[in-house]
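Engineer: Generate coordinates for the sequence data below:
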Amino acid sequence: MKTFHSLASLFWASAASMIVLLGASGCSGRSKQATAREATREAIRLMAEQYPQATLQDVYKSFYQNRFGPGHMIADKAAFAAWSHQELEMAAADTIENPYYEMLGADGHYVRVYLRCVNEGLLPEETLMQAFLRSAEEYKAPEAATPWADEWQEIAFAGREMGVPCADSVLTELNEAAKLERAVHHSREYHNAYHPHYRVIAREIFDKEIRPLIEQKK
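Structural biologist: Below is the predicted model of the structure:
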């Protein structure tokens, strides 16, 4: 049986290769579009492999976070800081072992860094918090070529074609959320199975400041 660690490594390596494909120069518009669809399907496949209880709602969340980052989470900084410390304690008491980090979406503009990195002494709490705040306030992913609602339709079509579960009523809610560019929570199935506790960090900040610390100590 594959562990979260091995699956996370597989996800990171495979997704990195998708980024290379997406960034390849000299491609026609049609071939770039086909490559983007391939990258989307690969990201969904890897997510379904690592998280069998994931639904299309969780796919939405991953791709949404990759497009918009964590800015929507810090409207009230004081409330977030209080909740953040409480969540850290919840993660410390959790027996489910999530990966240390994982790339979001198909092209990895943002990364989820799990709070186990803090609880296991790989990252100082303040370092992760500041990286998160800077990711929310200072960093923006490259501007997308299509509206989020249109991008989501492509993602949803791929997910359903690949057998990712989603009730029709939930899909309707996700489509409406996409039109409003609104974030969603993880599905109940995902939350109950994996107890996700993480911070969304801009890939640029993660690569330069966070990943080296984790890899040095783990």
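Engineer: use CA for all of it now, contacts and neighbours both
Structural biologist: Noted.
Engineer: can you give me the helices for the chain?
Structural biologist: 4-22, 29-50, 56-68, 77-93, 116-119, 125-137, 148-161, 168-179, 188-194, 203-205, 211-217 (DSSP state H).
Engineer: buried set for the last one?
Structural biologist: If I follow you right, that is helix 211-217. Judged by neighbour count using 16 or more other Cα atoms under 10 Å, the buried positions of helix 211-217 are R211, L213, I214.
Engineer: on that earlier part again, ok, and which of the helices of the chain has the densest surroundings?
Structural biologist: Per residue and on average, the most neighbours among the helices of the chain fall to helix 56-68, with a mean of 23 (mean count of other Cα atoms under 10 Å).
Engineer: got the angle for that helix vs helix 148-161?
Structural biologist: Counting by axes from the mean of the first three to the mean of the last three Cα atoms, to 10 degrees, helix 56-68 points 140 degrees away from the direction of helix 148-161.
Engineer: Mind giving me the packing neighbours of helix 56-68?
Structural biologist: Identification of packing neighbours for helix 56-68 by 3 or more Cα pairs under 8 Å, 6 or more residues apart in numbering; DSSP states H and E yields strand 110-114, helix 148-161, helix 168-179.
Engineer: Would you mind pulling the contact partners of it?
Structural biologist: Around helix 56-68, the neighbours that count as contacts under Cα atoms under 8 Å, 6 or more residues apart in numbering are 44, 47, 104-111, 140-141, 144, 152, 155-156, 159-160, 164-166, 170-171, 174, 183-187, 190, 200.
Engineer: now swap in stretch 111-126 and tell me
Structural biologist: Counting by Cα under 8 Å, 6+ apart, the neighbours of stretch 111-126 from elsewhere in the structure are 66, 88, 91-92, 98-104, 128, 196-203, 206, 210, 213-214, 217-218.
Engineer: ok, now with 7 Å
Structural biologist: Identification of contacts with stretch 111-126 by Cα atoms under 7 Å, 6 or more residues apart in numbering yields 88, 91-92, 99-104, 197-203, 213-214, 217-218.
Engineer: For the residue positioned nearest the centre of the chain, give me its contacts.
Structural biologist: In the chain, the C-alpha closest to the average C-alpha coordinate belongs to L104, at a distance of 3.2 Å (Cα atoms, centre = their mean). The contact partners of L104, by Cα under 7 Å, 6+ apart, come to S62, F63, N66, Y110, V111, R112.
Engineer: nearest to Q33, of those?
Structural biologist: Distance to Q33 across the contacts of L104 (Cα to Cα) is lowest for F63, with 16.8 Å.
Engineer: Return the distance of the closest one relative to L56.
Structural biologist: When Cα to Cα, to the nearest Å is the yardstick, F63 and L56 sit 11 Å from each other.
Engineer: ok, now Q130?
Structural biologist: To L56, Q130 is 31 Å away according to Cα to Cα.
Engineer: How about P212?
Structural biologist: According to Cα to Cα, P212 and L56 sit 32 Å apart.
Engineer: and what of A144?
Structural biologist: Distance from A144 to L56, counting by Cα to Cα: 21 Å.
Engineer: now do A167
Structural biologist: Counting by Cα to Cα, the gap between A167 and L56 amounts to 9 Å.
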